[in-house]
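Student: coordinates for the following, if possible.
(4 chains)
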There are 2 protein chains.
Amino acid sequence: MSAGATTPGRVTIRDVAGAAQVSTATVSKVLNHRPDVGPVVRQRVLDTIDRLGYRPSATARSLRVRRSDTIAIITDDLEGIFTSAMMRGVDDAASAFDVSVFLCNSYGDPERERGHLLRLLDKQVDGVIFMSGNRVRRRSAPAVALGDVPHIFLYEYSDDEATPCVLPDDEQGARLAVDHLLAAGARRIGFINGPIGWDASHDRLRGYQQTLRQQTVPVDPALTVFADSWNPEEGYRIATDLMALPSPPDALFCASDDLATGALAALHDLGRAIPEDVSVVGFDDRPLAVHQHPPLTSVALPLTTMGRIAGEMLLAAGRDEPVVPGVHRVPCTLQIRQSTAKAGSN
Amino acid sequence: MSAGATTPGRVTIRDVAGAAQVSTATVSKVLNHRPDVGPVVRQRVLDTIDRLGYRPSATARSLRVRRSDTIAIITDDLEGIFTSAMMRGVDDAASAFDVSVFLCNSYGDPERERGHLLRLLDKQVDGVIFMSGNRVRRRSAPAVALGDVPHIFLYEYSDDEATPCVLPDDEQGARLAVDHLLAAGARRIGFINGPIGWDASHDRLRGYQQTLRQQTVPVDPALTVFADSWNPEEGYRIATDLMALPSPPDALFCASDDLATGALAALHDLGRAIPEDVSVVGFDDRPLAVHQHPPLTSVALPLTTMGRIAGEMLLAAGRDEPVVPGVHRVPCTLQIRQSTAKAGSN
DNA sequence: TTGAAAGCGGTACCAC
DNA sequence: GTGGTACCGCTTTCAA
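Tutor: Purely as a prediction, here's the structure:
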């Protein structure tokens, strides 16, 4: 048998040092890619390390260097429809840097958030992402003062302008949709907007109106309706109303895929052909969009990208790289499917 | 100013000891609710602790006691439709014990799983949950030998019978559905089953057949169809076929909500009234079920409960409590909505 | 280039 | 009941 760990449990840096005939200091230097180790000694240490299957204890290291190579996500809604895509983005960024991610669910309750935060601080997390699982809204400050622990808001924001926040570019997303509909020949675009209480609704309305004006298409206020909820039922109701107008729309821009599915159902019931009679575009590009009849063109929220950016910013902050405070808007993209007519096909 | 930490950074156990005129050993005992501390000293220590706002370093503690009060979830699909509900269950269980949860996404890639596991082991995790984000399937052994770190399979399983796994009781779920349909007066229940490659499909078929036999209702093989996928398109196709039978079904039991939505669409297109002409029940009880027309009765997977149970079992194992190996089936529940006729209303 | 040794912040054994 | 102190496993001066 080769010389190995004589200690019971895990093999430690001391075992390696012993077996390689060097001090623990030297092993540590090799581990951390320090230049001040002779090539032959370094190689001997390296060999010993994998002969013994040595793995440094992250815990011991954390205690020393006061970093844990760990970040955390605190979300108010773990089951929110947008949660997992953003989490994946964060996870991707973290994994790329060998950083682990804690997941915490606060249920939107400051007391729970506080509990999680304290525990995270005790565990030396290197950063925290506060993430909303649903539509963007302002939130209050973190339930615990974070001191010098970097943190970022993801899909939500607060009064504190100093801490960065990452949001989708709703206005630009709306422009994408309207541009596409105009190019497809639409001239009267009905806008089934989200409820009036949400920031996204206002941003998207701005994008909608600007694009029309820019293309010198008249903006008819009767064509814009704020829904009472983001649900299909509202989409159905509003689409029905809009199509009953004396001069009905030839396209519908819906602020969510759910609203759009309701609108599709309404158009079916009215016997309108999609996209021949009226084109429909949704917003969010959730998986259900592809299963509609016809498959739904939709503005995709850049959720995974947002998560990745938030993760990268946080990790950069941890490495003392400069971090830009304020709002970071990530552009949406358009997923074109069969619910909208092809360009020039009016 | 009160006597406080004189050291720069965080306040440590030594600061508390100094300020309270006791040894660090005593502070530690108070922290850990050891009985061998006098009441007056204990109180003095307690007071000092919150006067100084002292919080013990979890990292230092972990190093000593070789526990991190941390568990991990490794999933093959962070964005799977069932992922977040199970995660929430795990999170609830963990939070109740002041344990934090690492979230890792392997993308189903053993190499990534390996990377995550090594990192987790380095960080002294107290346990690992391997979780599938989609339908239950057999998986290979963990990509790294876990030694004495407890682990559990959640919504997946492996050959290794020694490690516990937590699964939904698909057979019982099917019985629930069929019982309900029979009670509602159905006599010819079409079964739009999942694809044949999935365990759930076979378990549910067994439940379906057993219930019929038990109630002495004839089992017509022509009424059971394995779908090619879990998607609505398949549900539409198969429902159409079934309704074209010489003696068509008076109820449809669908193995997923997606299949059920397809079936609903088919029935609409055929002009059949739901539930008057035919009752429909889905499986999974996803949020979309409630938005169908009519709202869909569905067998609910006990996802959050499963997550909670897995979390609790894992934590129990960490505290050396007995853990039952083998398969743990968690019962499904039935969400009754308007797509099925009321009992006795045939 | 290499190593001895002093911590990081707790815990727990053992003596008093 | 209370305290002294040797660790847990690693990093980091600083001297040789």
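Student: please enumerate the strands of the stretch 151-300 of chain A.
Tutor: A:151-154, A:165-168, A:189-193, A:224-226, A:251-254, A:279-284, A:297-300 (DSSP state E, counting those that start in this stretch).
Student: pick the most buried one from these.
Tutor: Greatest average neighbour count among the strands of the stretch 151-300 of chain A goes to strand A:251-254 (a mean of 31), per mean count of other CB atoms under 10 Å in any protein chain shown. Bear in mind the C-beta positions are built from the backbone N, C-alpha and C, glycine included.
Student: and it, which strands flank it?
Tutor: Applying DSSP bridges, strand A:251-254 is found paired with strand A:189-193 (parallel), strand A:279-284 (parallel).
Student: now what about the last one, what contacts it?
Tutor: Looking back up the chat, that one is strand A:279-284. With CB atoms under 8 Å, 6 or more residues apart in numbering or on different chains as the test, strand A:279-284 has contacts from A:81-82, A:173, A:177, A:180-181, A:184, A:186, A:204, A:250-257, A:259-261, A:263-264, A:267, A:274, A:289, A:296-301, A:334, A:339-341.
Student: let's go with 7 Å and repeat that
Tutor: The contact list for strand A:279-284 (CB atoms under 7 Å, 6 or more residues apart in numbering or on different chains) reads A:173, A:177, A:180-181, A:184, A:186, A:251-257, A:260, A:263-264, A:274, A:289, A:296-299, A:301, A:339-341.
Student: cool, and the shortest one?
Tutor: Residues lying outside strand A:189-193 but in contact with it, judged by CB under 7 Å, 6+ apart, are A:178, A:181, A:201, A:204-205, A:208, A:223-227, A:235, A:238-239, A:242, A:249, A:251-255, A:259, A:263.
Student: circling back to that earlier point, could you dump the strands paired with strand A:251-254 to a markdown table with mean pLDDT and distance to A:Asp91?
Tutor: Supplementary listing: the strands paired with strand A:251-254 in a markdown table, determined by pLDDT from 0 to 100; distance: least, CB to CB, whole Å:
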| stretch | mean pLDDT | distance to A:Asp91 |
| --- | --- | --- |
| strand A:189-193 | 98 | 33 |
| strand A:279-284 | 98 | 21 |
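Student: wait, which of the ones you listed is closest to A:Gln124?
Tutor: A:Gln124 lies closest, by CB to CB, to one member of the strands paired with strand A:251-254: strand A:279-284, at 36.7 Å.
Student: chain center to that closest one, what's the gap?
Tutor: In terms of CA atoms, centre = their mean, to the nearest Å, the centre of strand A:279-284 is found 20 Å from the chain centre.
Student: again with stretch A:73-88
Tutor: Counting by CA atoms, centre = their mean, stretch A:73-88 is centred 8 Å from the centre of its parent chain.
Student: could you do stretch A:285-303 as well?
Tutor: Mean-position distance between stretch A:285-303 and its chain equals 17 Å (CA atoms, centre = their mean).
Student: can you give me the mean pLDDT across it?
Tutor: Here stretch A:285-303 scores 96 as its mean pLDDT.
Student: do that stretch and chain B meet at all?
Tutor: Yes - Stretch A:285-303 is in contact with chain B by CB under 7 Å from any CB of the partner chain, via A:His291.
Student: contact partners of that stretch?
Tutor: With CB under 7 Å, 6+ apart as the criterion, stretch A:285-303 contacts A:81-82, A:85-86, A:89, A:168, A:173, A:176-177, A:257, A:260-261, A:264, A:274, A:280-284, A:330-340, B:231-232.
Student: just the buried subset of these, please.
Tutor: A:81-82, A:85-86, A:89, A:168, A:173, A:176-177, A:257, A:260-261, A:264, A:274, A:280-284, A:330, A:332, A:334-335, A:337, A:339-340, B:231-232 (16 or more other CB atoms under 10 Å in any protein chain shown).
Student: before we move on, the earlier item: redo the strands paired with strand A:251-254 as CSV? Include distance to A:Arg138.
Tutor: As requested, the strands paired with strand A:251-254 are arranged in CSV below (distance: least, CB to CB, whole Å):
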stretch, distance to A:Arg138
strand A:189-193, 19
strand A:279-284, 21
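Student: format those as a markdown table; extra columns: distance to DNA strand D.
Tutor: Formatted as a markdown table, the strands paired with strand A:251-254 follow (distance: least, CB to the nearest atom of the strand, whole Å):
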| stretch | distance to DNA strand D |
| --- | --- |
| strand A:189-193 | 54 |
| strand A:279-284 | 44 |
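Student: quick check: which of these is nearest to DNA strand C?
Tutor: strand A:279-284 (45.3 Å; CB to the nearest atom of the strand).
Student: kindly export the closest one (C-alpha atoms) in PDB.
Tutor: Extracted C-alpha coordinates of strand A:279-284, given in PDB (Å, rounded to 0.1, in the frame of the first residue of the first chain):
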ATOM      1  CA  SER A 279     -52.700  38.800 -36.000                       C
ATOM      2  CA  VAL A 280     -52.000  38.100 -32.300                       C
ATOM      3  CA  VAL A 281     -48.800  38.600 -30.400                       C
ATOM      4  CA  GLY A 282     -48.300  37.700 -26.800                       C
ATOM      5  CA  PHE A 283     -45.700  38.600 -24.200                       C
ATOM      6  CA  ASP A 284     -43.500  36.400 -22.000                       C
END
